[in-house]
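Colleague: Below is the sequence, then the predicted model.
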Amino acid sequence: MKAAYLVKYGPAENAFEIREVPRPKPGRNQVLIKVEAFGLNFADVAARYGKYRGAPPLPTLLGYDVVGHIEEYGANVKNLVKGDRVTALTLFGGYAEYAIAEEGIAQKIPESIDAGTAVALATQYCTAYFLSDRMTNLQENEKILIHAAAGGVGTALVQLALYRKCIVFGTCSSSKKIEYLRKIGVHHPIDHTENDFAKTIEKRVGNKGIDVVFNPIGGKSLKEGYGLLGAGGRLVSYGVSSLNNKKNIFGKLKDLWQFGFYHPVQFLSSSKGIIGLNMLKIAAERPKKIAKVMQEVLQLHQEGILLPHVGGEYSIDQLSEAHQFLESRKSMGKIVVKW
């Protein structure tokens, strides 16, 4: 089979190499998927720069979400058969013509769902659902701040927050994205390149603060977001994309310093807190939890509540261009690469 290996850290144009390698064999609780397409995530960009701590050493296969058809399955697999179309989390190995997934985190889907939607539901929407339902339990009329709201997870969080009848603030980085956020229903879109998001929100909510902050960026924005929380507030950190922009150790250290320093007594006295989420860790250690989340996400999609936006489709020969587009922060929604 063909597989797009990450062979060199750095810019996308020099990072990947298509190789012919043996097709993997599924274990007893696994399925082998003939991959139709795979999705890109910011974790891919971090891994390409050697900044994703969980990534295997070079040369390695990235890829955390795929859509395709079951080719083989292990002896213990009960709910899937050859030919079933699935969307799945792959825990690396997705940049290939065939990929392995655990049975529970490969869910059957209709042929009518397009590839971009399918992979977005597997990763971005399951992440957003886990964040909003399992970790923060959003409630009606809560004030929610979503950073990078025009991205894949951001779009999903907006839809889920609106479904829960929350008041949504969303940050982005261009006037084009402001238009997009208005279109998908964000009540208070904020271009953080033109306005101080913290001061803007403070003016609108007063002293009581907001209830939930979803932050995939880190750095100064995390500390400022924590400062916006009122009593009972919770901040979820699920990425540190700000570190990807720092080219030297001094920039990284400055960014880490800007995260701020926290103590349990501080959380207790203010009645607010910070939560971290790594979905690959949950999928690896608690696959049954992810399986349940995937089922609920797919049901909400069928009901027309969760509707992913596909921001770009590329062929495997355009993998570098797809990476560059995602890294540029000009993308909105999910980026998908097809074989």
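Modeller: Perfect, thanks for sending it.
Colleague: Can you list the low-confidence ranges for the stretch 201-339 of the chain?
Modeller: The model of the stretch 201-339 of the chain has pLDDT under 70 over residues 241-263, 265, 267.
Colleague: where exactly do the strands run in it?
Modeller: Applying DSSP state E, counting those that start in this stretch to the stretch 201-339 of the chain gives strands spanning 210-215, 229-237, 273-276, 310-315, 334-338.
Colleague: in the second one, what counts as buried?
Modeller: Burial within strand 229-237, assessed by neighbour count using 16 or more other C-beta atoms under 10 Å, is assigned to Leu229, Gly230, Gly233, Arg234, Leu235, Val236, Ser237. In this view, the C-beta of every residue, glycine as well, is placed from N, C-alpha and C.
Colleague: so it versus strand 210-215, what angle?
Modeller: 20 degrees (axes from the mean of the first three to the mean of the last three C-alpha atoms, to 10 degrees).
Colleague: Now do the contacts for Glu321.
Modeller: Glu321 sits next to Ala12, Tyr314 when contact means C-beta atoms under 8 Å, 6 or more residues apart in numbering.
Colleague: What of the one 4 residues further on?
Modeller: If a contact means C-beta under 8 Å, 6+ apart, then Phe325 has Gly312, Ser331, Ile335 as its contacts.
Colleague: In terms of residue numbering, what are the domains of this protein?
Modeller: 2-122+290-338, 124-279 (automatic domain parsing).
Colleague: residue ranges of the helices in the stretch 1-150 of the chain, please?
Modeller: Taking DSSP state H, counting those that start in this stretch as the criterion, the stretch 1-150 of the chain carries its helices at 42-48, 115-120, 126-129.
Colleague: how about those helices in JSON lines, adding mean neighbour count and mean pLDDT?
Modeller: Putting those into JSON lines (neighbours: other C-beta atoms under 10 Å; pLDDT from 0 to 100) gives the following:
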{"stretch": "helix 42-48", "mean neighbour count": "22", "mean pLDDT": "93"}
{"stretch": "helix 115-120", "mean neighbour count": "28", "mean pLDDT": "98"}
{"stretch": "helix 126-129", "mean neighbour count": "26", "mean pLDDT": "98"}
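Colleague: between those helices, which gets nearest to Glu71?
Modeller: Minimum separation from Glu71 across those (C-beta to C-beta) falls at helix 115-120, 16.7 Å.
Colleague: Convert that closest one to CSV, retaining C-alpha atoms only.
Modeller: Extracted in CSV, the C-alpha atoms of helix 115-120 (Å, rounded to 0.1, in the frame of the first residue of the first chain):
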residue,chain,number,x,y,z
ALA,A,115,-15.7,12.4,3.3
GLY,A,116,-15.0,15.8,4.8
THR,A,117,-18.1,15.7,7.0
ALA,A,118,-17.3,12.1,8.0
VAL,A,119,-13.8,12.9,9.3
ALA,A,120,-14.9,16.1,11.0
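Colleague: tell me the contacts of Leu181?
Modeller: Leu181 neighbours (C-beta under 8 Å, 6+ apart): Ala149, Ala150, Val158, Gly170, Cys172, Pro189.
Colleague: Skip the chain neighbours and tell me the closest residue to it.
Modeller: Pro189 (3.8 Å; C-beta to C-beta, 6 or more residues apart in numbering).
Colleague: Select from the contacts of Phe325 the one having the most neighbours.
Modeller: The most crowded member of the contacts of Phe325 is Ile335, carrying 24 neighbours; neighbours defined as other C-beta atoms under 10 Å.
Colleague: residues in contact with it?
Modeller: Gly39, Leu40, Gly152, Gly311, Gly312, Glu313, Tyr314, Ala322, Phe325, Leu326 are the contacts of Ile335 under C-beta under 8 Å, 6+ apart.
Colleague: As CSV, those residues with distance to Gly68 would be great.
Modeller: Shown next, in CSV, are the contacts of Ile335 (distance: C-beta to C-beta, whole Å):
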residue, distance to Gly68
Gly39, 12
Leu40, 16
Gly152, 19
Gly311, 21
Gly312, 19
Glu313, 15
Tyr314, 17
Ala322, 18
Phe325, 23
Leu326, 21
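Colleague: and the two most separated of those residues?
Modeller: Farthest pair in the contacts of Ile335, by C-beta to C-beta: Gly152 and Tyr314, 14.9 Å.
Colleague: Comparing those two, which shows the higher neighbour count?
Modeller: More neighbours surround Gly152 than the other of Gly152 and Tyr314, with 30 against 18 (other C-beta under 10 Å).
Colleague: Count the residues that sit near the residue lying closest to that one once chain neighbours are set aside.
Modeller: Of all residues not flanking Gly152 in the chain, Gln124 sits nearest, at 3.7 Å (C-beta to C-beta, 6+ apart). Residues lying near Gln124 (other C-beta under 10 Å) number 27.
Colleague: thought Gln124 was touching Thr155?
Modeller: Yes. Using C-beta atoms under 8 Å, Gln124 makes contact with Thr155 at a distance of 7.4 Å.
Colleague: I appreciate the help and will end here.
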